[in-house]
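> I need the structure of the sequence given here:
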Amino acid sequence: MKILMISDTHGNQQMIHAMVDRSNDFDLTLHLGDSYVDTNLWIDSGIPLIRIPGTWDSAYLDPLIDNRRIEEWLGWRFFLTHTPDIDANDLPEDMDPYQMISQQSCDVLCHGHTHEPMIRFDNNVLIYCSVNPFGDATGLINGRLLGFNLNVF
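Below you'll find the predicted structure:
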């Protein structure tokens, strides 16, 4: 299974269109927040998508929308969140990322927010930070369109 994971698109339409086109090469796209409405193009295009809001989104304060969630693929438990830590805007029912790691309630924690790509282990949980493909005004970083992809076998 090939998963494209992105975050922090922040309304950059050129980059969003480029990432939607790239999504066709993947089985699933994960958008880890900021901005929730940026994902409407994926939905309108019929591309398989899971999205969560970021802390800048009004959707983050909507109790009917999951700010954090667990998904399972091929026996791996993925914890999807915009922030790697608790946030002042969290709702009372939002899961605590630290507890998810310390209790090993997931195998992989995927997040955005920091605008820094990162992969590391903590308490046998893979922490996987989405590349913020926002880059400069063109949506490029050093001339390249970036996004993380994750292959689950």
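> mind listing the helices for the protein?
13-23, 40-45, 97-102 (DSSP state H).
> What residues of the first one count as buried?
Right, the one you point to is helix 13-23. Using 16 or more other C-beta atoms under 10 Å as the burial criterion, the residues of helix 13-23 that qualify are 15-16, 18-20, 22-23. Where you see a C-beta, it was placed from the backbone N, CA and C, and this is true even at glycine.
> Looking at those residues, which gets the smallest pLDDT?
Looking at pLDDT alone, those dip lowest at residue 15, where the score is 82.
> Surely that residue touches residue 9?
Yes - using C-beta atoms under 8 Å, residue 15 and residue 9 qualify as a contacting pair, with a distance of 6.3 Å.
> Show me how far stretch 88-107 is from its chain's centre.
Using C-alpha atoms, centre = their mean, to the nearest Å, the mean C-alpha position of stretch 88-107 is found 15 Å from that of the whole chain.
> want to try CSV for the buried residues of helix 13-23, with distance to residue 82 as columns?
Converted to CSV, the buried residues of helix 13-23 look like this (distance: C-beta to C-beta, whole Å):
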residue, distance to residue 82
15, 18
16, 17
18, 21
19, 17
20, 20
22, 21
23, 19
